[in-house]
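> Sequence and predicted structure, then a few things I'm wondering about:
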Amino acid sequence: MESPTIEYKRQWDDEFLKALCAFANTKGGTLEIGKDDKGKVVGLSNPKKLLEDLPNKIRQALGIVADVELREEDGLSYIRISVNAYGQAISCRGKYYYRSGSTTQELSGATLDDFLLRVQGKTWDSFLLPNVTVDDLHIDAIKLFRKKALSSTRLTEDDLAISDKTLLESLGLLQKNGALNRAAVLLFHENPEYWVLGSYVKIAYITSERQNVTDDIRYHDEFRGPLITLPDKIMDVTYSKYFTQKITYEGIQRVEIFPVPRSAFREAVINAIIHKDYYSNNPIQIRIYDDKVEIDNEGRLPDDWTINDLKGQHKSKPRNPLLANAFFRSGMIEAWGRGIERINLALRADGKSDVDYRYNGSDIVAVFRISPNETSKNATVNATVNATVKLSKTQNVVLEMLKEDKTLTSEAMCIRLGKDIGTIKRAIKALKEKGLIKRIGSDKDGYWEIIND
């Protein structure tokens, strides 16, 4: 039976040079001439001539040497051509081919660029960008990374007692000659879309799955800027605006019942950012329906993987390892391919079903199902906010942010919410006056205590 490393043909055709090229560019393989598609020998009429001609044809078309053997079975001749995997890109008459499953595919466009980088031991996010320097990066985004890395203990104070330039070098984002790579610009530049189109995230609440019906989009938002800042912004807006329909009151208590637990949603969003195929000009799209939440990300599974491999226990194979390393050092993700496992653990703890996935060869869609009238085992009950305590939208969002991170500064909240410092300070002052928060310690080293949280 044919497989990723073996193929059968009844008679020779020069078109089969493409298959040999594909074998050389993947794991190597064997092409057997004189067999039917089930591997049964049917014989050849000119085996000796093929034995003489094929080595030269292969060398001239591919520039490689293949092992060509004449074999016999049940009195019938067939030829076996064996090709090793090469550590460099092999072309067939100027074109490149790759083995996907049991098929041979021509590489072109972004797929070819990606392949050529990989055979050189490089990745898309390591590609250097001209005319951009450390001084062009957003200083507040780098400060946010430092704060998160220290808080997560992934980096110590001594590790971070270095200049921004040295920090970027240690993360593999800056060359000694001062050149920044794509990962650095995506993570820390104020406008990464100038270099990489589609490097942002869209979210929409949709009332129908009908195609091309824009009227069904109730409301939507876009999240732009340094990628390191996007997860917090997305979490804040999603849980204050898009999931508010799940908030109810029981007496004086405010009960929050979210379609997706915060930790599961955050992990899925960050996974999409890290694994996105940034050759695509399309953003990550988060679609919220009444019965499900979808995170649609353009990207491809590793070679020979299926959705079942993705769902099961697997090694970490990030498409953009430099992006993944920065998010890991910041404490936002775990290593070793445990993202989906962590998502499902959070869902199960909340009484929900595991995340599902769809894959069409170019898009990976994470699907969170929402049951009608669903209730949560771990609904968040906030006894301090009741019917007599009225909060503005900004005050409520700031309170929720401080619940998640009691060390947040006003400046950090400005970045995440896209609001000016005066608005944030007024919201904090109002929350203090209402008796909902209290500052413990100094402005620099202290934290916020949530009263009766």
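Perfect, thanks for sending it. Numbers count the residues shown, from 1 in each chain.

> For the rest of this, base every contact and every neighbour count on C-alpha atoms.
Will do.

> ok, now how distant is the residue most central in space within the chain from residue 38?
Closest residue to the average C-alpha location of the chain: residue 275 at 2.2 Å, with C-alpha atoms, centre = their mean. Using C-alpha to C-alpha, to the nearest Å, we find residue 275 at a distance of 38 Å from residue 38.

> cool, residue 74 as well?
Taken as C-alpha to C-alpha, the span from residue 74 to residue 38 is 16 Å.

> surely the residue nearest to the centre of the chain meets residue 318?
Yes - with contact defined as C-alpha atoms under 8 Å, residue 275 and residue 318 form a contacting pair (5.9 Å).

> Can you give me every residue that contacts the residue nearest to the centre of the chain?
299, 318-320 (C-alpha atoms under 8 Å, 6 or more residues apart in numbering).

> helices or strands next to the host helix or strand of residue 22 in the packing?
For residue 22, the host element (DSSP states H and E) is helix 17-25. Where contact means 3 or more C-alpha pairs under 8 Å, 6 or more residues apart in numbering; DSSP states H and E, helix 17-25 is packed against strand 29-33, helix 47-62, strand 76-83, strand 91-92, strand 95-100, strand 103-107.

> Would you point to the one among those that's packed deepest?
strand 29-33 (a mean of 24; mean count of other C-alpha atoms under 10 Å).

> Name the residues that touch that strand?
In contact with strand 29-33 (C-alpha under 8 Å, 6+ apart) are residues 4-12, 19-20, 23, 44, 78-85.

> cutoff 7 Å now
Strand 29-33 has contacts (C-alpha atoms under 7 Å, 6 or more residues apart in numbering) with 5-12, 23, 78-84.

> just stretch 80-88 next, same as before
Contacts of stretch 80-88 (C-alpha under 7 Å, 6+ apart): 20, 23-33, 66-70, 119.

> run the last query once more with 10 Å
5-6, 8, 20-34, 51, 54-55, 58, 64-71, 116, 118-121 (C-alpha atoms under 10 Å, 6 or more residues apart in numbering).

> Stretch 113-128 now?
If you take C-alpha under 10 Å, 6+ apart as the criterion, stretch 113-128 is touched by 25-26, 86-90, 96, 98, 107-108, 110, 112, 172-175, 179-186, 277-279, 318-323.

> Kindly write the ChimeraX command that selects the buried subset of these.
This is the ChimeraX syntax for the buried subset of these, where burial follows 16 or more other C-alpha atoms under 10 Å:
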select :25,26,86,89,90,96,98,107,112,172,173,174,179,180,181,182,183,184,185,186,277,278,279,318,319,320,321,322,323
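
> Among the contacts of stretch 113-128, which are located in helices?
25, 110, 112, 182-186, 321-323 (DSSP state H).

> Widest-spaced pair of those?
The widest separation within those, taken as C-alpha to C-alpha, falls between 25 and 185 and amounts to 30.9 Å.

> which residues sit in contact with the closest residue to residue 240 other than its chain neighbours?
Using C-alpha to C-alpha, 6 or more residues apart in numbering and skipping the chain neighbours, the partner closest in space to residue 240 is residue 397 (6.3 Å). Residues near residue 397 by C-alpha under 10 Å, 6+ apart: 236-237, 239-241, 391, 403, 413, 417, 427.

> What of residue 165?
Counted by C-alpha under 10 Å, 6+ apart, residue 165 has contacts 133-135, 173-176, 178.

> For residue 206, grab the count of nearby residues.
Applying other C-alpha atoms under 10 Å, we find 19 residues neighbouring residue 206.

> Tell me the bridge partners for it.
Following DSSP bridges, residue 206 is listed with bridge partners residue 217.

> can you offset everything so residue one is 45?
Sure thing, new numbering starts at 45, so read that last one as residue 250.

> And it, how far from residue 221?
Taken as C-alpha to C-alpha, the span from residue 250 to residue 221 is 48 Å.

> just residue 83 next, same as before
Taking C-alpha to C-alpha, one finds residue 83 at 56 Å from residue 221.

> What of residue 448?
On the measure of C-alpha to C-alpha, residue 448 and residue 221 end up 40 Å apart.

> Not counting sequence-adjacent ones, nearest residue to residue 457?
residue 468 (7.2 Å).

> Equivalent analysis for residue 375, please.
Counting by C-alpha to C-alpha, 6+ apart, the residue nearest residue 375 is residue 196, at 5.0 Å.

> re earlier: which of residue 448 and residue 221 has more neighbours?
For the pair residue 448 and residue 221, the greater number of neighbours falls to residue 448 (10 against 6), based on other C-alpha under 10 Å.

> Spell out which residues make up each domain of this protein.
50-166, 167-426, 432-494 (automatic domain parsing).

> Any chance of JSON lines for those domains, columns mean pLDDT?
Listed next are the domains of the chain as JSON lines, based on pLDDT from 0 to 100:
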{"stretch": "domain 50-166", "mean pLDDT": "91"}
{"stretch": "domain 167-426", "mean pLDDT": "85"}
{"stretch": "domain 432-494", "mean pLDDT": "81"}
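
> Over to residue 334: give its phi and psi.
Phi and psi for residue 334, reported as degrees, to the nearest 10, are phi -70, psi -30.

> Quick check, it in contact with residue 249.
Yes - at 8.6 Å, residue 334 and residue 249 qualify as touching, with contact defined as C-alpha atoms under 10 Å.

> Look at those two and report which has more neighbours.
residue 249 (20 against 15).

> roughly how far apart are the closest residue in space to the more buried one that isn't next to it in sequence and residue 316?
Leaving aside its chain neighbours, residue 249 sits nearest to residue 332 (4.8 Å; criterion: C-alpha to C-alpha, 6+ apart). Per C-alpha to C-alpha, residue 332 is found 16 Å from residue 316.

> go on, residue 76?
41 Å.

> Give me the distance between residue 217 and residue 188.
Going from residue 217 to residue 188 by C-alpha to C-alpha gives 17 Å.

> And for residue 168?
Residue 168 is 25 Å from residue 188, by C-alpha to C-alpha.

> cool, and residue 81?
58 Å.

> who's more crowded, those two?
The neighbour comparison of residue 81 against residue 188 (other C-alpha under 10 Å) goes to residue 188, with 20 against 13.

> Show the contacting residues for the more buried one.
194, 232, 272-273, 374, 452, 455-456, 459-460.

> Does the helix or strand harbouring residue 330 pack against any helices or strands, and if so which?
Per DSSP H and E: residue 330 is located in strand 328-332. Under the contact definition 3 or more C-alpha pairs under 10 Å, 6 or more residues apart in numbering; DSSP states H and E, strand 328-332 sits against strand 245-250, strand 261-267, helix 306-319, strand 336-342, strand 407-413.

> try 7 Å this time
strand 245-250, strand 336-342 (3 or more C-alpha pairs under 7 Å, 6 or more residues apart in numbering; DSSP states H and E).

> can you list the ones you listed in TSV and add distance to residue 183?
Below are the helices and strands packed on strand 328-332 laid out as TSV (distance: least, C-alpha to C-alpha, whole Å):
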stretch	distance to residue 183
strand 245-250	22
strand 336-342	28
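
> closest one to residue 481 among the ones you listed?
Comparing these by C-alpha to C-alpha, strand 245-250 comes nearest, at 30.6 Å.
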